[in-house]
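Enquirer: coordinates for the following, if possible.
(one chain, ligands or ions: 3)
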Amino acid sequence: MNVCETQIIKRGEGGFPEIDFSNDECTFCKQCVEVCPEPVFDTTLAQPWTNVASIKDNCLTAKGVWCQSCKDACEPRAISFSMAVGQVPKPVIDIDACTGCGACVSPCPADAITLTPTE
Ligand code: SF4
Ligand code: SF4
Ligand code: SF4
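Expert: Ligands and ions are numbered 1, 2, ... in the order given. Take a look at the predicted model:
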């Protein structure tokens, strides 16, 4: 919690650490890995973690409101917007491009983005 440069590690239920993307993202700086005295991080994996972003039904575009805040926040450009005649563009996440950084979570005015583990 103390070394996380974006302060996204919080004390969760039972005192265990949890990631909270409500204010910021994970930069994958590995500071948490460096200070952890327990063998809980597997640094041989290709990806930091298996979480990817998904969009919930309360996305503003489902109500016809124009919004693309999540796209602007996504550095890997994993969020695109599908066009359909007579409708506002809706966000689509490329899960292969998504790093699970969580940068799209806090800019969403509807709290419509969640990070969930893939297989
Ligand atoms: S890797 Fe992510 S969670 Fe860990 S200290 Fe860096 S920003 Fe925080
Ligand atoms: S979690 Fe990061 S990489 Fe994935 S869609 Fe959101 S901003 Fe883009
Ligand atoms: S920022 Fe939120 S409300 Fe706006 S398009 Fe993205 S998911 Fe939908």
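
Enquirer: thought Phe51 was touching Cys101?
Expert: Just to correct that, residue 51 is Asn rather than Phe. No - if you go by CB atoms under 8 Å, Asn51 and Cys101 don't touch, sitting 9.3 Å apart. Backbone N, C-alpha and C define where each C-beta goes, glycine included.

Enquirer: between the two, tell me which one has more neighbours.
Expert: Between Asn51 and Cys101, Cys101 has the larger neighbour count (other CB atoms under 10 Å), namely 23 against 20.

Enquirer: mind listing what the more buried one touches?
Expert: Contact analysis of Cys101 by CB atoms under 8 Å, 6 or more residues apart in numbering lists 25-28, 75-76.

Enquirer: same question, Cys74
Expert: Residues in contact with Cys74 (CB under 8 Å, 6+ apart) are 103-104.

Enquirer: at 6 Å what do you get?
Expert: Cys104 (CB atoms under 6 Å, 6 or more residues apart in numbering).

Enquirer: still on that earlier bit, columns secondary structure on top of the contacts of Cys101, output as a markdown table?
Expert: Below are the contacts of Cys101 laid out as a markdown table (DSSP: H, G, I helix; E, B strand; the rest coil):
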| residue | secondary structure |
| --- | --- |
| Glu25 | coil |
| Cys26 | coil |
| Thr27 | coil |
| Phe28 | coil |
| Glu75 | coil |
| Pro76 | coil |
